[in-house]
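>>> Need the 3D shape of this:
(chains A and B)
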Amino acid sequence: MKDYKNYMDNLSVDETLHEKIMNRLTQRSTRRHIVTNNFRKYISVAACAAVMLIFVVSIYPHMNIWNITTNESESNIPSTTGDSNPLQDRSYTKGQSGAVYHADMNGSSVAYEVDYNTMSADWPIYKDVTELTEAANVILLGKVTDISFQVLDDRTAQPPSEETEEWNRSLNTIYDVDVITSYKGDSLKNIKVRMLGGQKGVYVEEQLSALGEDAKNGIPIMEGMPEIKIGETYLFVLYQYKDTMPTLVNVGQGVYELHDPLAKDQYSFVSPKDIISYFGKDKWEEFKEKGMVSE
Amino acid sequence: MLDLSFRPEDCMEEFVLKYENRLYRTAIAIIGNKADAEEIVQDVFVKVIEKCPIFQSPEHEIAWLIRVTVNLCKSRLRSSWWKKTVPLLESYPAQTEEQNYLMEAILSLPAKYRIVIHLFYYEGYTTKEIAEITEQKESTVRSLLTRARHKLKSFIEEELL
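I've put the predicted structure just below:
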């Protein structure tokens, strides 16, 4: 290990890096100083505002000037009682802190403090329908029936083994999809689609439970990930590597809502109609016959 | 108890000069490339400014800094699976052929082994101290070290055959 020690001894911070470090620290320190000065400057204003706020909160409602009554059903906080869909029983409302979520389950209130870590990735972007459909090896029309969460090894997309290091374990959202029409790839009745990252503000308990010990690092969220809902039908453009679960080709071109099949994606201006028609005009007619679009 | 709380306004440059090389080497050893190590070492000092920790001793001070470095490297490794980086030996070529073999072997190991190798062989920490820094059991650290040695040995033997 002498060679290792010698190699490491030769590595040192050069002047440029040292200056970068000092600049960042100076900026940080100055910013803190400015914040402190501003704090002093505005403290009196803040104190006045606080007094007024206390007045408004504590006295104003008792004055009952306009005789306003609060109707719970009009509240924008979702109610969970009497909801017949068990998957929707867990509704979460975002707290003011931005990180505290309240889940009302079976009448009892549970509070979670959750950190979310946003991940971003450099996805390949496909410039037209040909590139997109060639890049995908699974393209299908399907209805999402369930959403679950699983930690997978980033390198293999399989459940982690003993050898999987902590930083190679990532939470994935798994969508159960009933296949309506398969345009490319094997014709299956149903399929599981995975996407790297969890979901913000929903299924918090399920995600933390799937993360296990890794929950201490927070829930990773993939930047730009589209919202995919249970019960909705989508056009999926997927890539499947060997025997792994297929995943979206990218966050912008991997899944299409069908309420407007002519609407084009923001990256390549490809619409669901373009993708379906790519596999033959009859496929588009067949799609229309299913009553999913009115032209 | 010594109060060595970090006051950036008083001794920022002195503090950075004292530790920057050790932290940079630790980051390089774990992350395996120059660009990420440079960012990590900057982030470590920013953390010091943000947290203003109170250290009980100089040993506690460096152990805290190394722990932050290790954790930042782990986070970076967790999130940088899509990145392409310049290999370390291209940025810092080895001086001799033997050194090159050894560095190639070490860099081919998963990061969890590189962490314990660096802290044990370069920083000179005991397995107990490494366990505290990396928040693992001492038995885990010992087993990682043993497996790392075996892996290194077989890599070097394969290369020389």
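
>>> what does stretch A:216-225 rub up against?
A:114-121, A:170-171, A:195-200, A:204, A:207-208, A:211, A:251-252, B:75, B:78 (CB atoms under 8 Å, 6 or more residues apart in numbering or on different chains). Bear in mind the C-beta positions are built from the backbone N, C-alpha and C, glycine included.

>>> how near is residue A:176 to residue A:21?
Distance of residue A:176 to residue A:21, given as CB to CB, to the nearest Å: 49 Å.

>>> So the two - more neighbours on which side?
residue A:21 (25 against 16; other CB atoms under 10 Å in any protein chain shown).

>>> Give me the neighbour count for residue B:12.
By the measure other CB under 10 Å, the count of residues near residue B:12 is 20.

>>> Who's the closest spatial neighbour of it, skipping the chain neighbours?
Closest residue to residue B:12 apart from its sequence neighbours, by CB to CB, 6 or more residues apart in numbering or on different chains: residue A:25 at 5.6 Å.

>>> That neighbour looks like it's in a helix, true?
Yes: per DSSP: H, G, I helix; E, B strand; the rest coil, residue A:25 lies within a helix segment.

>>> Can I have the buried ones of the contacts of stretch A:216-225 as a ChimeraX selection?
Buried members of the contacts of stretch A:216-225, defined by 16 or more other CB atoms under 10 Å in any protein chain shown, are picked up in ChimeraX with:
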select /A:114,119,170,171,195,196,197,198,199,200,204,207,208,211,251,252 /B:75,78
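
>>> Residue of the stretch 151-295 of chain A closest to chain B, please.
The minimum distance from the stretch 151-295 of chain A to chain B, using CB to the nearest CB, falls at residue A:167 (3.4 Å).

>>> Is that residue located within a helix, as I assumed?
Yes: counting by three-state DSSP, residue A:167 is part of a helix.

>>> OK, contacts around the spatially closest residue to it that is not a sequence neighbour?
In space, not counting the residues next to it along the chain, residue A:167 is nearest to residue B:78; the distance is 3.4 Å by CB to CB, 6+ apart. Counting by CB under 8 Å, 6+ apart, residue B:78 touches A:166-168, A:170, A:217.

>>> quick one: which of those residues has the most company?
Neighbour-wise, the contacts of residue B:78 (other CB under 10 Å) top out at residue A:170, 23 neighbours.

>>> State the helix or strand in which that residue lies.
According to DSSP states H and E, residue A:170 maps onto strand A:169-184.

>>> For chain A, name the helix or strand with the lowest mean pLDDT.
Lowest by mean pLDDT, DSSP states H and E among the helices and strands of chain A is strand A:92-94, with a mean of 28.

>>> tell me the secondary structure for residue B:74?
helix.

>>> okay, the spatially closest residue to residue A:159 that is not a sequence neighbour: pLDDT?
If the residues on either side of it in the chain are set aside, residue A:159 comes closest to residue A:152, at 6.3 Å by CB to CB, 6+ apart. Residue A:152 is assigned 91 on the pLDDT scale.

>>> Hmm, residue A:152 is touching residue A:172, no?
Yes: the pair residue A:152 / residue A:172 is scored as a contact, 5.0 Å apart, by CB atoms under 8 Å.

>>> And the helices in the chain?
As the question left the chain open, I've gone with chain A. Applying DSSP state H to chain A gives helices spanning A:2-9, A:15-58, A:60-63, A:129-135, A:204-211, A:272-278, A:281-289.

>>> right idea, wrong chain: chain B
B:8-31, B:34-51, B:58-79, B:88-91, B:97-108, B:111-117, B:127-134, B:138-160.

>>> Need the winner for burial among those.
Mean neighbours per residue, mean count of other CB atoms under 10 Å in any protein chain shown, is largest over the helices of chain B for helix B:111-117, with a mean of 22.

>>> Brilliant, that's me finished.
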